[in-house]
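A.B. asks: next one to model:
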Amino acid sequence: MNEQEKINIFRKFTDFDDSELEIIMPYFEFKKFKKKSILLDIGKRSDEVFYLIKGCIRLYCEKNGEELSTYFFTENMFAGSYDSFISRKPSKVAIETLEACEVLVLTHQAQEELYKVFPKMNEFIRKAIEQRFVILHDLFISYLLNSPEERYKALLKDQPELLQRIPQHQIASFLGITRVSLSRIRSRLTKK
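C.D. replies: Numbering: from 1, shown residues only. The predicted structure is shown next:
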């Protein structure tokens with residue numbers, strides 16, 4: 001992928017002008033990953049964040065040997081273990097591609113250099129992190145206030161494409177329920 005193609009991607013979601021994008025884009029590396037690639041293991045420090053051009057990425061943690069999906073990222077989203085990326089501490093989550101993916105990768109070192117040569121990047125990164133915070137806060141509140149069926153309905157309403165792209169057992173773990181419970185919820189909703 002050449003610099004102009006990267007610029008065209010970033011033009012979709014930033015208000016940076018062409019000269020600013022020309023400064024930024026060399027810090028992002030284009031990469032392709034096969035389906036089921038592990039981009040980060042639990043316990044490793046996150047040194048990269050990924051802007052997803054194509055594909056689907058899953059964030060998950062483990063409890064008693066079971067994988068628990070915590071979030072799914074699709075096209076035009078930044079994916080990563082931000083707590084580890086920012087704090088420089090080991091990650092509590094793993095990152096895996098669920099489909100073949102095309103991404104733009106920003107390393108921690110590149111981000112720090114970019115802050116120095118292009119201070120406006122601080123605002124851009126802050127906005128991306130704020131957006132992620134709001135999403136995760138809403139998800140947390142949903143776990144406190146809503147039943148699994150209500151969470152499933154919200155997923156069905158807000159991100160119906162995920163239900164076609166992600167295995168049911170991962171959707172169930174994301175909702176905090178078993179695969180059997182998810183099957184019952186889906187059955188009840190189709191009968192209504």
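A.B. asks: could you use CA atoms for every contact and neighbour count after this?
C.D. replies: Will do.
A.B. asks: tell me where the protein has helices.
C.D. replies: Under the criterion DSSP state H, helices of the chain are mapped to 3-11, 18-24, 82-87, 108-117, 120-145, 148-158, 160-165, 168-175, 179-191.
A.B. asks: what's the closest of those to Leu52?
C.D. replies: helix 3-11 (10.2 Å; C-alpha to C-alpha).
A.B. asks: hang on, the earlier thing: just send the helices of the chain back as TSV, with mean neighbour count and mean pLDDT too.
C.D. replies: Output for the helices of the chain, formatted as TSV (neighbours: other C-alpha atoms under 10 Å; pLDDT from 0 to 100):
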stretch	mean neighbour count	mean pLDDT
helix 3-11	15	73
helix 18-24	15	86
helix 82-87	16	91
helix 108-117	15	92
helix 120-145	13	83
helix 148-158	15	90
helix 160-165	13	90
helix 168-175	21	91
helix 179-191	13	87
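A.B. asks: dump these into CSV; add distance to Val93 as well.
C.D. replies: Listed next are the helices of the chain as CSV, based on distance: least, C-alpha to C-alpha, whole Å:
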stretch, distance to Val93
helix 3-11, 27
helix 18-24, 28
helix 82-87, 9
helix 108-117, 17
helix 120-145, 14
helix 148-158, 22
helix 160-165, 20
helix 168-175, 13
helix 179-191, 21
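A.B. asks: any idea how this protein splits into domains?
C.D. replies: 3-144, 146-192 (automatic domain parsing).
A.B. asks: circling back to that earlier point, and Arg45, which of the helices of the chain is closest to it?
C.D. replies: helix 82-87 (5.9 Å).
A.B. asks: which other residues reach that closest one?
C.D. replies: The contact list for helix 82-87, computed with C-alpha atoms under 8 Å, 6 or more residues apart in numbering, reads Arg45, Ser46, Asp47, Glu48, Val49, Lys89, Pro90, Ser91, Lys92, His108, Ile129.
A.B. asks: can I get these in TSV with distance to Tyr27?
C.D. replies: As requested, those are exported to TSV (distance: C-alpha to C-alpha, whole Å):
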residue	distance to Tyr27
Arg45	20
Ser46	17
Asp47	14
Glu48	12
Val49	12
Lys89	23
Pro90	24
Ser91	23
Lys92	26
His108	10
Ile129	18
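A.B. asks: thank you, goodbye.
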